[in-house]
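*Asks:* only geometry, no sequence info:
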């Protein structure tokens, strides 16, 4: 029996990579310093796994920005617009330009699109494909990392995104071809990579093929068989691990076990029921990797349950054909629970129920020890402690609140509907709000400067008292309100300077949530988030946002939006309890947000935004499971939004989503206004709304806030005209793609001034034509 990991967190134990990347981008450190930080993180990760006793240690799981972008650079799938950077700049400058855009040295180049990695909150850079595209080995990162690991004395297993998964993750940038047709063009590059690895002594290669756990058409299945047959033909001695995760194989089981590989990895956390069928189906030549430790959540592994899975597999196929692993890469887990040292932030009782990436490594190793005929004393002690912690959590009084359960039980269908249809509400809102055509707004947050972050840090340390902190935040809020008034934005926001994170901020004020000091995970690039932990029943003890919304509205005659995070997004972007259905936890959160929405309305806030950027990412990966999820997710949003009068305008926001296949469900949410990410896709995402004849109002983003690049007024005018060509002008709003928290003020000011000017120009032209 062997142990291995599919991947390990790469941000560093103290987010060293985030800090180094941002220093490099701002010119504060040279490239060699950034590379040194990256090398240290990778080597520390290898050493930690080696010392713990992991048998096969992944390499090439480290990335400076994104593993899919790494593969794009590796195979030379570089979009043509980066040609000048390719010829004039370093490979790293090209790499980061593809991720973030490039606006210097007389060049102005947009970034590649970004979207969610399956149903996680991680974002990847979307490959761009063209008909008859050629590929070549452009970057040697995979080979170099293996050599580095080998030199460090590591029994390394290169991790490579599988050829089919890589193609399926990409986007066809022209019509008239199928990206799968590029498989034969791409295959020689993969074979070249494998040859190099074999020459350098690689024994095991891991191909990540999560698409094997998704719905596949016949052409895709045939292409899988062809590609893996060719790989095996060329490399009969290499040992291939094909890793599936985030779902079960289900109808792809016969395909998966027929591929000429050596080890098949199963996600037994997401789909434990698949083990029995797999055990009775696999050929004698195939070993199984059992993904039994949850790579996406922070709860301690239940050793008794995991050992039952392992022993069942041992009885059927023998221990020599079994690998033990996490369910997926530990990229989605925080780094180390041992860094949580403040009992006031994370109570010891809750902490004992938890496990971060480092602890999961030791869980894997201990499970292997416990399957031996004579487990050692330390392993048996670990088992006893594990059983004690699991039982403690099961009976804990911290978890259950009968009043919350009772309120959920008495929720009715009536609680999910507004008083009137949108067509009636719209008239009431027009009378009250008196907004112009193409009204401008932002999505919520404004730049959180070093000063703002330092105030929060000083307040937490007790260096600022509550009154001093309050005064500073009010000054920053007023400055932001005045600036928005000055440039002519129609619907203002207060800037959210009091907030640390759009989910954490609410979790800190809701019962049933716990928090960490260092539970950071990567969202995209250098962006890290610290998800709260939902451990028990959720309710709202007190109003959460009314104070700041009421203060901001008191400063201006213009409307100020109340800003909330929706129940589905709070659920998706938290580490969620696994002892009850997610739908039930979501309904508890929805009722808490409903109370907040109602209190905002009572305080005179007439426009309330309930952000739901995570609706799409929460979709089950199998389409047959969608409707059940969408039913409770849409219901949760409607519960949160339906307690207000017709004249109160409810907004929602979604980002980095494909909407075509869920457009009816988005309409069913019945938000008065939806704002969406659109700029990187050049308004392509709007087509779904246009084809559906989406009845409510919509704000397609015209400013990509995930890039430091500042778009011109002319560029935004062009985007708005594209939007106007498919959506009636009376339904359109004008806004950035997302919140501005991570941007700098100089970029923000230039971009928003251009946005307002673009709105006025397009509005003027429309009225002129109308008259």
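*Replies:* Perfect, thanks for sending it. These numbers were taken from a predicted model, which means no experiment stands behind them. Numbering: from 1, shown residues only.
*Asks:* mind checking pLDDT for the spatially most central residue of the chain?
*Replies:* Geometric centre of the chain, nearest residue: residue 121, 1.5 Å, by Cα atoms, centre = their mean. Note on residue 121: pLDDT of 88.
*Asks:* now do residue 656
*Replies:* Per-residue pLDDT puts residue 656 at 58.
*Asks:* likewise residue 738?
*Replies:* On pLDDT, residue 738 comes in at 85.
*Asks:* For it, pull up the helix or strand it's in.
*Replies:* Under DSSP states H and E, no helix or strand contains residue 738.
*Asks:* wait, what's in contact with it?
*Replies:* If a contact means Cβ atoms under 8 Å, 6 or more residues apart in numbering, then residue 738 has 443, 613, 653, 655, 677, 701, 705-706 as its contacts. (C-beta placed from N, C-alpha, C; glycine too.)
*Asks:* What's the separation between it and residue 546?
*Replies:* Note on residue 738: its distance to residue 546, by Cβ to Cβ, to the nearest Å, is 24 Å.
*Asks:* Repeat that for residue 394.
*Replies:* The spacing between residue 394 and residue 546, counted by Cβ to Cβ, is 37 Å.
*Asks:* cool, residue 601 as well?
*Replies:* 10 Å.
*Asks:* likewise residue 476?
*Replies:* 19 Å.
*Asks:* ok, the two, which is more surrounded?
*Replies:* residue 476 (20 against 17; other Cβ atoms under 10 Å).
*Asks:* Is that one within a helix or a strand, and which one?
*Replies:* Using DSSP H and E, residue 476 sits within helix 466-487.
*Asks:* distance between that helix and the chain's centre?
*Replies:* 31 Å (Cα atoms, centre = their mean, to the nearest Å).
*Asks:* What of stretch 321-333?
*Replies:* Distance, centroid of stretch 321-333 to centroid of chain: 19 Å (Cα atoms, centre = their mean).
*Asks:* Kindly report the same for stretch 437-450.
*Replies:* The chain centroid and the centroid of stretch 437-450 are separated by 22 Å, computed with Cα atoms, centre = their mean.
*Asks:* wait, isn't the residue nearest to the centre of the chain in contact with residue 571?
*Replies:* No: the pair residue 121 / residue 571 is not scored as a contact, 11.2 Å apart, by Cβ atoms under 8 Å.
*Asks:* Overlap of the contact sets of the two?
*Replies:* residue 614.
*Asks:* among the contacts of residue 738, which are in strands?
*Replies:* Among the contacts of residue 738, DSSP state E puts residue 653 in strands.
*Asks:* nearest to residue 626, of the contacts of residue 738?
*Replies:* Comparing these against residue 626 with Cβ to Cβ places residue 613 closest, at 18.2 Å.
*Asks:* Once you drop chain neighbours, what's closest to the closest one?
*Replies:* Once flanking residues are discounted, residue 613 sits nearest to residue 655: 4.6 Å by Cβ to Cβ, 6 or more residues apart in numbering.
*Asks:* For the helix or strand where residue 392 lies, name the packing helices and strands.
*Replies:* Using DSSP H and E, residue 392 falls within helix 377-395. Counting by 3 or more Cβ pairs under 8 Å, 6 or more residues apart in numbering; DSSP states H and E, the packing neighbours recorded for helix 377-395 are helix 303-317, helix 357-370.
*Asks:* helices and strands around the longest one, which ones?
*Replies:* To tie it back to what came earlier, the one meant is helix 303-317. Helix 303-317 packs on helix 274-279, strand 287-293, strand 322-326, helix 357-370, helix 377-395, going by 3+ Cβ pairs under 8 Å, 6+ apart.
*Asks:* Quick one: closest of these to residue 29.
*Replies:* Per Cβ to Cβ, nearest to residue 29 of the helices and strands packed on helix 303-317: helix 357-370, 26.3 Å.
*Asks:* and the closest one, how far out from the chain's middle?
*Replies:* Worked out by Cα atoms, centre = their mean, helix 357-370 lies 26 Å from the chain centre.
*Asks:* Provide the contact partners of that helix at residue level.
*Replies:* 1, 3, 5, 8-9, 48-49, 52-54, 292-295, 300-301, 303, 306-307, 310, 324-326, 330, 333-338, 355, 375-376, 379-380, 382-383.
*Asks:* Give me the mean pLDDT for it.
*Replies:* For helix 357-370, the mean per-residue pLDDT is 97.
*Asks:* Just to be sure, residue 211 is in a helix?
*Replies:* Yes: under DSSP: H, G, I helix; E, B strand; the rest coil, residue 211 sits within a helix.
*Asks:* Now for it: which residues touch it?
*Replies:* 162, 164-165, 168, 220 are the contacts of residue 211 under Cβ under 8 Å, 6+ apart.
*Asks:* swap in residue 660?
*Replies:* 687-688, 691.
*Asks:* From the contact counts, what lies against the helix or strand encompassing residue 768?
*Replies:* Per DSSP H and E, residue 768 falls inside helix 745-770. Judged by 3+ Cβ pairs under 8 Å, 6+ apart, helix 745-770 is in contact with helix 466-487, helix 713-726.
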